[in-house]
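Q: A structural model of the following input is requested.
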Amino acid sequence: MIFSPNTPIQNITRILPAYQKRLAKLGIKTLRDLFLHFPHRYQDLSAIKPIDKLKLNEVATIQGKIIDIKNIRTWKKRMAITEAHVQDNGGLIKAVWFNQPYLANTLKIDSLVSLSGKISFDKTLFLSNPAYERLTDQDLRHTGRLIPVYPETSGLTSRYMRYLIHLFRPTINQIAEWLPPATIKAQKLLDLQTALRQIHFPDSTKTLAQAKRRLAFNELFLIQLFALQQKIKWQKSRSPKITFQQNLIKNFVDQLPFKLTDAQRRSAWEVLQDMQQTQPMNRLLEGDVGSGKTIVAAMAALQVIQTGWQVAFMAPTEILAQQHFQEITKVLKSYHFPVGLLTGSGAKINLKNKTTNVQPKEFLRQIKNSQIKIIIGTHALIQDRVKFKNLALVIVDEQHRFGVEQRAALQKNVSQMDDGSPATFPHLLSMTATPIPRTLALTIYGDLDLSLLDEMPKGRQEIITRVVPPTSRAKAYDFIRQQTKQGRQAFVICPRIEISDKSSVVSDQKEKLDTNHLSLNTLRNWDDVKAVKEEYEKLKKIIFPDLRIALLHGQMKAKEKEKTMKDFVAGKTDILVSTSVVEVGIDVPNAAIMMIEGADRFGLAQLHQFRGRVGRGPHQSYCLLFTESSSKSTQARLKALIACRNGFELAEKDLQLRGPGEFFGANQWGLPDLTMASLTDVELIKEARQEAIKILKTDYPLKNYPSLLEKLANFQKVIHLE
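A: Residues are numbered from 1 along each chain as shown. Below is the predicted model of the structure:
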């Protein structure tokens with residue numbers, strides 16, 4: 001059978017059905033996918049040592065002749081042990097394998113072999129469970145070279161992956177080059193076929209580095225090409241010119257009960273200047289928790305509404321949409337503009353500081369007629385039935401939680417003026433409270449202009465942050481009780497919603513536990529019960545039966561969530577047990593304690609978000625990080641959270657400690673580990689961007705680059721720039 005890169009794995013009889021299923025789990029459906037399944041690390045077994053030069057505990061490769069080989073079975077453990085003696089010109093050594101009796105038939109006496117493994121000692125030196133292969137005319141795959149180690153799944157080893165890729169390696173010759181020759185020459189890159197061969201079976205560390213650079217450049221180049229195309233496309237569009245009204249903005253700022261930070265003033269100025277242009281603004285407002293992004297957005301919205309246009313404000317959750325509705329109506333109350341709220345659970349309008357529920361049909365009519373000037377909502381805003389009359393500004397909060405298509409759908413609400421003038425494209429202001437390291441921002445948001453709120457409002461107090469080990473859990477609970485008795489409130493965050501059925505655990509533990517004298521051993525029995533529903537039951541019935549405790553998670557109905565949050569804000573609840581739905585947008589000034597279960601399961605940026613939910617009032621606030629993990633990496637990350645107060649500094653630290661794959665989620669992006677790692681390579685990102693600019697300057701639609709155009713189209717299907 002003749003194979004091509006597009007040959008489906010399921011059509012290859014040499015790959016058994018069981019292995020086809022396992023490969024599918026890794027997303028490998030064709031031979032091309034197999035070649036693009038890159039190693040995530042390499043083992044250097046290239047140094048071949050004479051047997052008489054071997055040293056204890058080193059990992060080494062030897063090559064020699066098998067003198068004898070046999071299987072023996074231990075009586076106690078019923079374990080099969082294969083023992084062989086291998087000889088080279090300098091000496092003799094024993095090799096031992098466990099539970100691989102077939103090796104006695106695979107590696108026959110007098111055959112030449114290459115073995116790589118750790119040198120151990122038991123009366124004499126021996127090779128423990130070494131990788132093996134026979135020395136024939138074929139290339140070495142598992143020993144005596146740089147050995148690729150692949151991301152694996154159950155029943156699919158790196159050894160098998162090496163076997164498959166080596167078996168079908170000639171098919172790589174059919175993979176066509178798509179990068180322009182001028183780009184390859186300018187960047188001194190390997191051709192694609194050579195890079196693919198070298199990434200799997202590198203001849204040296206030098207050729208491996210060249211292969212990594214070429215394959216990482218591929219994806220970075222496509223990301224930049226996509227981002228820059230979008231930017232050029234937007235720049236060719238026409239947007240309404242929103243003239244800056246100095247007196248309007250000055251009066252707004254003067255009536256605020258606080259003084260703007262310099263960062264807020266600078267960012268607001270950048271936004272207002274952008275909107276004076278006739279090409280669409282496409283700006284990302286990036287600010288730490290509590291840095292005042294909503295006020296900057298409100299200033300932009302006021303300017304637009306005063307000019308006679310509409311504003312759409314989209315948030316990822318109903319809770320956050322409600323929060324923005326309340327905040328916007330409060331800061332704009334003296335202007336008497338109708339402010340609307342549209343979510344999955346209904347519609348509301350605030351007019352002259354009075355909020356009323358309205359029928360969705362009537363709400364949509366008022367949007368279409370431009371009676372409602374600012375519309376706040378969730379994904380409900382991008383429904384086909386929502387039509388704006390003259391939309392000039394789209395504000396998207398926590399924009400990384402929306403897909404490119406969702407943002408674009410709202411921004412496509414082009415407006416036609418009554419005087420018959422051409423349709424206009426709304427300006428876009430994206431906001432995020434998740435600080436993004438500069439290298440990632442340059443890559444991911446290459447089509448956006450950046451405004452940074454890197455300054456906190458004066459008077460914002462420091463939140464005392466502590467890691468709570470298992471031995472201090474009871475003491476922490478006592479502290480929380482003391483705080484609630486003083487009138488403070490607490491959040492408890494759990495990493496999951498449900499676990500396996502343990503319905504009897506609460507009643508069983510309640511009978512055994514004196515709630516006034518908490519047993520540490522009993523508390524430790526709860527270590528695995530961190531799902532929010534279980535945690536709620538535990539806290540309510542066992543730990544704090546005397547306090548008012550409520551539950552909040554994303555699977556609840558909208559009205560339930562709204563009532564739960566209202567009760568908490570109103571002080572009717574002492575402790576709110578929640579999932580990460582409170583990560584953004586929740587503002588409860590009386591909440592002074594943030595307790596996080598399984599803190600090691602969250603990233604630093606997310607933990608910082610949680611911490612930002614407290615410390616918003618006059619009371620000293622605390623963030624308690626509960627973890628059962630004592631690993632060095634966990635402790636290093638949590639110590640970084642304690643030491644760093646600035647979200648941007650933390651984001652850089654998180655990227656350094658966890659890498660970009662975990663920072664953003666490799667699965668979410670659809671990028672291989674190799675490319676994820678390159679997101680920290682500023683120089684390579686810049687070079688990829690420069691090459692993309694060169695091409696787009698002379699050929700924006702890529703008509704002269706059909707292979708590149710096809711590759712870009714396929715690339716956009718698998719990557720999620722969110």
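
Q: Sketch out the low-pLDDT regions of the chain for me.
A: Applying pLDDT under 70 to the chain flags residues 76-77, 137-138, 399-423, 437-447, 457, 459, 496-530, 581-586, 656-680, 718-722.

Q: Which positions in the biggest helix by length in it come out as buried?
A: Among the elements of type helix in the chain, defined by DSSP state H, the one spanning the most residues is helix 205-236. Neighbour-count burial for helix 205-236, with 16 or more other C-beta atoms under 10 Å as criterion, is recorded at 207-208, 210-231, 234. (C-beta placed from N, C-alpha, C; glycine too.)

Q: what helices or strands is it leaning on?
A: In terms of contact count using 3 or more C-beta pairs under 8 Å, 6 or more residues apart in numbering; DSSP states H and E, helix 205-236 is assigned the packing partners helix 192-200, helix 438-444, helix 673-678, helix 682-698, helix 706-718.

Q: one more time with 7 Å
A: helix 192-200, helix 673-678, helix 682-698, helix 706-718 (3 or more C-beta pairs under 7 Å, 6 or more residues apart in numbering; DSSP states H and E).

Q: now it, how far from the centre of its chain.
A: Here helix 205-236 is found 20 Å from its chain centre; the criterion is C-alpha atoms, centre = their mean, to the nearest Å.

Q: Do a quick rundown of the helices in the stretch 151-300 of the chain.
A: With DSSP state H, counting those that start in this stretch, the ranges of helices along the stretch 151-300 of the chain come out as 158-167, 181-187, 192-200, 205-236, 246-254, 262-274, 293-306.

Q: Redo those as a markdown table? Include distance to residue 615.
A: Formatted as a markdown table, the entries for the helices of the stretch 151-300 of the chain read as follows, by distance: least, C-beta to C-beta, whole Å:
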| stretch | distance to residue 615 |
| --- | --- |
| helix 158-167 | 48 |
| helix 181-187 | 48 |
| helix 192-200 | 48 |
| helix 205-236 | 36 |
| helix 246-254 | 25 |
| helix 262-274 | 19 |
| helix 293-306 | 17 |
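
Q: right, and these - which one's nearest residue 375?
A: Comparing the helices of the stretch 151-300 of the chain against residue 375 with C-beta to C-beta, the closest turns out to be helix 293-306 (10.5 Å).

Q: what's the following helix or strand after that closest one?
A: Scanning forward in sequence from helix 293-306, with DSSP states H and E defining helices and strands, the next element found is strand 310-314.

Q: mind exporting that following strand as CSV, just the C-alpha atoms?
A: As requested, the backbone C-alpha atoms of strand 310-314 are provided in CSV (Å, rounded to 0.1, in the frame of the first residue of the first chain):
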residue,chain,number,x,y,z
GLN,A,310,-25.4,53.3,21.5
VAL,A,311,-23.1,51.2,23.6
ALA,A,312,-23.1,47.4,24.1
PHE,A,313,-21.3,46.0,27.2
MET,A,314,-20.8,42.2,27.3
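
Q: Taking helix 246-254 as reference, get the angle to the helix or strand following that strand.
A: Per DSSP H and E, strand 310-314 leads on to helix 318-331 as the next helix or strand towards the C-terminus. Angle between the axes of helix 318-331 and helix 246-254 is 110 degrees (criterion: axes from the mean of the first three to the mean of the last three C-alpha atoms, to 10 degrees).

Q: what residues are up against the residue nearest to residue 540 when sequence neighbours are not counted?
A: Nearest in space to residue 540, with sequence neighbours left out and distances taken as C-beta to C-beta, 6 or more residues apart in numbering, is residue 549 at 4.5 Å. Under the criterion of C-beta atoms under 7 Å, 6 or more residues apart in numbering, the neighbours of residue 549 are 536, 539, 540, 574, 575, 577.

Q: mind listing which of these are in strands?
A: Counted as lying in strands by DSSP state E, out of the contacts of residue 549, are 575, 577.

Q: and the contacts of residue 549 as TSV, adding distance to residue 476 and neighbour count?
A: TSV is the format used below for the contacts of residue 549 (distance: C-beta to C-beta, whole Å; neighbours: other C-beta atoms under 10 Å):
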residue	distance to residue 476	neighbour count
536	17	22
539	12	21
540	17	18
574	15	21
575	13	26
577	15	26
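
Q: how about the strands in the stretch 501-650 of the chain?
A: Secondary structure of the stretch 501-650 of the chain (DSSP state E, counting those that start in this stretch): strands located at 549-552, 575-578, 591-596, 622-626.

Q: Can you list the neighbours in contact with the second one?
A: If you take C-beta under 7 Å, 6+ apart as the criterion, strand 575-578 is touched by 490-494, 532, 535-536, 539, 544, 547, 549-553, 568.

Q: Equivalent analysis for the longest one, please.
A: For strand 591-596, the surrounding residues in contact (C-beta under 7 Å, 6+ apart) are 480, 483, 488-493, 607, 610-611, 613-614, 619-626.

Q: so which of the strands of the stretch 501-650 of the chain is the most packed in?
A: The highest mean neighbour count among those, using mean count of other C-beta atoms under 10 Å, belongs to strand 575-578: a mean of 26.

Q: Just checking: what are the partner strands of that strand?
A: Each strand paired with strand 575-578, and its direction, by DSSP bridges: strand 489-493 (parallel), strand 549-552 (parallel).

Q: how about those, which one is nearest residue 116?
A: Comparison of the strands paired with strand 575-578 against residue 116 by C-beta to C-beta identifies strand 489-493 as nearest, at 46.5 Å.

Q: Show me which residues of the longest strand along the chain are buried.
A: Among the elements of type strand in the chain, defined by DSSP E, the one spanning the most residues is strand 59-73. Of the residues in strand 59-73, those buried under the neighbour-count criterion (16+ other C-beta under 10 Å) are 60, 61, 62, 63, 64, 66, 69.

Q: Of those residues, which is the nearest to residue 106?
A: The shortest distance between residue 106 and any of the buried residues of strand 59-73, using C-beta to C-beta, involves residue 69 and amounts to 9.3 Å.

Q: Can you tell me the element the closest residue to the closest one other than its chain neighbours falls in?
A: The shortest distance from residue 69 to any residue that is not its chain neighbour, by C-beta to C-beta, 6+ apart, is 3.9 Å, and that residue is residue 84. With elements delineated by DSSP H and E, residue 84 resides in strand 80-87, which encompasses its position.
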